[in-house]
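# The amino acid sequence is not available; the structure is as follows:
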């Protein structure tokens, strides 16, 4: 009974992992479909108080607005191709006349730069247009975040900052203090330089979204393998081995009597 229960339980877990892999595949297909849709414009953003869950994640975007360069944030300890550096986030004040989004702030993850190994606090100068720009990108649920120990203090805002602001992570409380208001939900990954301000400083080799389908397939294979091992061991110890022992004892008894 224990062997049978183990076989059934591990097989059921394997089936569950296959269902999870199928769900992830459907979600991945949805993301790929969104990438083929027309680009979201500034007025399309949910500016009516809805959460980031209402965003079409990974859909292309073509946003118009002006940079708040003085509120740029440098996110530390971000890696690309094995190198450590910063990811740059600059708020964009949207230009969407006649829409509730007009004048609202949206976070744009503009790109990545390597760290200066001689001075960890030194960051490069970014060529940023001062007028209206059009930013091509992809919709994401939130800005980049990595694991950290402890909480970072909120920034002290005294006019235009004299030094670049380097942070490990940013959250809602940080943006409320840093911007004086909450930005719109979600963020945008900028995929190429805006035409009004071409730059060669920022790198934008963003990783393709991976929802972990292969991980679930691997777990399913492990559970099915355990189920097969449990079935084999149960057959061996409960049926095959006792029959072989019985036949051996019968032959020994036959030889003894003869």
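Great, that's in hand. Keep in mind it's a predicted model, so treat the numbers as computed, not measured. Numbering: from 1, shown residues only.
# what pLDDT does the nearest residue to residue 46 once chain neighbours are set aside get?
Leaving out its chain neighbours, the residue that sits closest to residue 46 by CB to CB, 6 or more residues apart in numbering is residue 54, at 4.9 Å. C-beta here means a position set from N, CA and C on the backbone, and glycine is covered the same way. Among the per-residue scores, residue 54 shows a pLDDT of 73.
# wait, isn't residue 54 in contact with residue 45?
No - between residue 54 and residue 45 there is no contact under CB atoms under 8 Å: 9.8 Å.
# More neighbours: which of those two?
residue 45 (25 against 12; other CB atoms under 10 Å).
# which residues does the nearest residue to the more buried one once chain neighbours are set aside contact?
Closest residue in space to residue 45, ignoring its immediate chain neighbours: residue 101 at 5.0 Å, by CB to CB, 6+ apart. Neighbour list for residue 101: 42, 43, 45, 47, 94, 184 [criterion: CB atoms under 8 Å, 6 or more residues apart in numbering].
# can you rerun that using 6 Å?
42, 43, 45, 47, 94 (CB atoms under 6 Å, 6 or more residues apart in numbering).
# Quick check: pLDDT value at the fourth one.
Read that as residue 47. 80.
# Output the below-cut-off pLDDT ranges for the stretch 151-258 of the chain.
159-162, 195-200, 208-212, 254, 258 (pLDDT under 70).
# Next: the stretch 1-150 of the chain.
Checking the stretch 1-150 of the chain against pLDDT under 70 turns up 24-35, 49-52.
# all strands of it, in order?
In the stretch 1-150 of the chain, the strands defined using DSSP state E, counting those that start in this stretch lie at 60-67, 73-80, 83-94, 105-114, 132-140.
# Please apply the same query to the stretch 151-258 of the chain.
Using DSSP E, counting those that start in this stretch, the strands of the stretch 151-258 of the chain run over 165-167, 187-190.
# Please identify which of these is closest to residue 78.
For these, the distance to residue 78 is smallest for strand 165-167, at 11.1 Å, taking CB to CB.
# Correct me if wrong: residue 178 contacts residue 154.
No - using CB atoms under 6 Å, residue 178 is not in contact with residue 154, being 8.1 Å away.
# The two: who's more crowded?
residue 178 (21 against 12).
# hmm, back to that, go through the strands of the stretch 151-258 of the chain and pick out the most buried.
strand 187-190 (a mean of 23; mean count of other CB atoms under 10 Å).
# Contacts made by that one with the rest, please.
Contacts for strand 187-190 (CB under 6 Å, 6+ apart): 61, 107, 108, 109, 110, 135, 137, 138, 140, 143, 206.
# Make a markdown table from the residues you listed and add distance to residue 224 and neighbour count to it.
As requested, the contacts of strand 187-190 are exported to a markdown table (distance: CB to CB, whole Å; neighbours: other CB atoms under 10 Å):
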| residue | distance to residue 224 | neighbour count |
| --- | --- | --- |
| 61 | 42 | 25 |
| 107 | 43 | 23 |
| 108 | 45 | 26 |
| 109 | 40 | 23 |
| 110 | 45 | 26 |
| 135 | 47 | 26 |
| 137 | 41 | 25 |
| 138 | 36 | 22 |
| 140 | 35 | 21 |
| 143 | 39 | 21 |
| 206 | 35 | 18 |
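# Turn the residues you listed into TSV, columns for distance to residue 77.
Shown next, in TSV, are the contacts of strand 187-190 (distance: CB to CB, whole Å):
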residue	distance to residue 77
61	27
107	19
108	20
109	15
110	17
135	25
137	23
138	23
140	19
143	14
206	17
